[in-house]
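Student: Sequence first, then the predicted structure:
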Amino acid sequence: MMQDARGSVAVPETGEPPLCPLRAALATRPCVEHYDDFCRVALSLFRFIGAAYATGASDCWEAAYRFADEAPDIADSPLLVARVAALVRILRSGRPCELCFMPPSCKRLSKDEAQLMRLLAVARSKQAGELETIVCQLVGSGNEIATTRAVTALALC
């Protein structure tokens, strides 16, 4: 890196200006495309259910059930919605602040969604030791057992 004539801005030696901090942050954020179809369906359900809790609108619940019904390769869509809702309820009860969910059509993940997707991916890969570690990071003490059971049940849907 070299400094420009003013000596205040670092310019890469390639001559390209550095990325804007916002673009750099967005470039490193997880994206929906990094996950399999099941995880993407679950993410959409997390978002619909999160919107239902945030707004109190029953339409969000209906959208979650309709989305699950229309998703390919889902054998029991009401059970899937129920398991996602159970996990959201458990996570909401043990947190000092609300979970942050993006709109259902968004390709980027919030920090909370990225943690949920990581949690679900590890549960689906059946790595018990890693699952316990991630659960402890996500919920802290008190809800580990319930969270582990809920995410394991969701992963088996």
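Tutor: That came in fine, so what should we check first? Numbering: from 1, shown residues only.

Student: going forward, measure contacts between C-alpha atoms and count neighbours the same way
Tutor: Will do.

Student: what mean pLDDT does the helix or strand containing Glu132 have?
Tutor: Following DSSP states H and E, one finds Glu132 within helix 128-139. Helix 128-139 carries an average pLDDT of 86.

Student: Can you give the distance from it to the centre of its chain?
Tutor: 15 Å (C-alpha atoms, centre = their mean, to the nearest Å).

Student: Now do whichever helix or strand comes after it and helix 128-139, the angle between them.
Tutor: Where DSSP H and E defines the elements, the next helix or strand beyond helix 128-139 is helix 144-155. Orientation of helix 144-155 against helix 128-139 (axes from the mean of the first three to the mean of the last three C-alpha atoms, to 10 degrees) gives an angle of 110 degrees.

Student: follow-up on the earlier one: contacts for the helix holding Glu132?
Tutor: Contact with helix 128-139 is made by 91, 94-95, 115, 119, 122-123, 144, 147-148, as judged by C-alpha atoms under 8 Å, 6 or more residues apart in numbering.
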